[in-house]
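Asker: Predicted model and sequence follow; I will ask about them next.
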Amino acid sequence: LAKYLVLFSEDGRTWTYDGVDWTDRNPGAHPTPRVGYGMAYDSVRKRTVLWGGRSFTDYLNDTWEFDGTTWVEKKTTAAPSPTTARQLAYDPNVKKVVLVGELTWEFDGTEWSRVPSAPTTCATGGPRYYDPSRHAVVAVAAVNAAFGNSDPCSSTWFTSAYGASCTTNADCGVNLFCTD
């Protein structure tokens, strides 16, 4: 699976791209069609994790994993609240998928757990990625007028491997930097 880019389309189809061709994987079971979901690749467990989004009628907070062939729904006892426009990133330091939004959550392959951290009030939309030079998941806040948000906030948040988040350089600890 690591040699493919995985795309879950809004019509519920799963595609992979090997750098040359797109392939419709057509797995039997799969998540319901949706938009606004988060997805990240867990390189240790070799699974693509999909979380949340919005169906044509509801906000979702279900979790699915794709192993390159099959989607499996992961039933968890806790999960981030249903929403859309949230992004995931894999943090190899803690070997978990991280969701940074108003709250920070981590998925270990079995359960979601909330990470005690400062709320990120502007973390709507925008990319999430792991920055190896900072050893942190970076959440770039993006305000989208289409969602009715006219606040010109544009912040960058760094969440350390130990769950601490920050909004200023002083909060970040060693080798972590924050900007507003």
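Answerer: The structure has been received and is ready for your questions. Numbering: from 1, shown residues only.
Asker: now the helices for this structure?
Answerer: For the chain, the helices defined by DSSP state H occupy 169-172.
Asker: For it, spot the helix or strand the model is least confident about on average.
Answerer: Every helix and strand in the chain was compared by mean pLDDT, DSSP states H and E; the lowest is helix 169-172, with a mean of 42.
Asker: tell me the contacts of the residue nearest to Asp18 when sequence neighbours are not counted?
Answerer: Excluding its sequence neighbours, the residue lying closest to Asp18 (C-beta to C-beta, 6 or more residues apart in numbering) is Tyr4, at 5.6 Å. Every C-beta, even on glycine, is put in place using the N, C-alpha and C of the backbone. Taking C-beta atoms under 8 Å, 6 or more residues apart in numbering as the criterion, Tyr4 is in contact with Thr16, Tyr17, Asp18, Gly68.
Asker: mind listing which of those residues are in strands?
Answerer: Among the contacts of Tyr4, the ones falling in strands (DSSP state E) are Thr16, Tyr17.
Asker: quick one: which of the contacts of Tyr4 has the most company?
Answerer: With neighbours taken as other C-beta atoms under 10 Å, the top of those is Thr16, carrying 18 neighbours.
Asker: pLDDT at that one, what is it?
Answerer: Turning to Thr16, the model gives it a pLDDT of 89.
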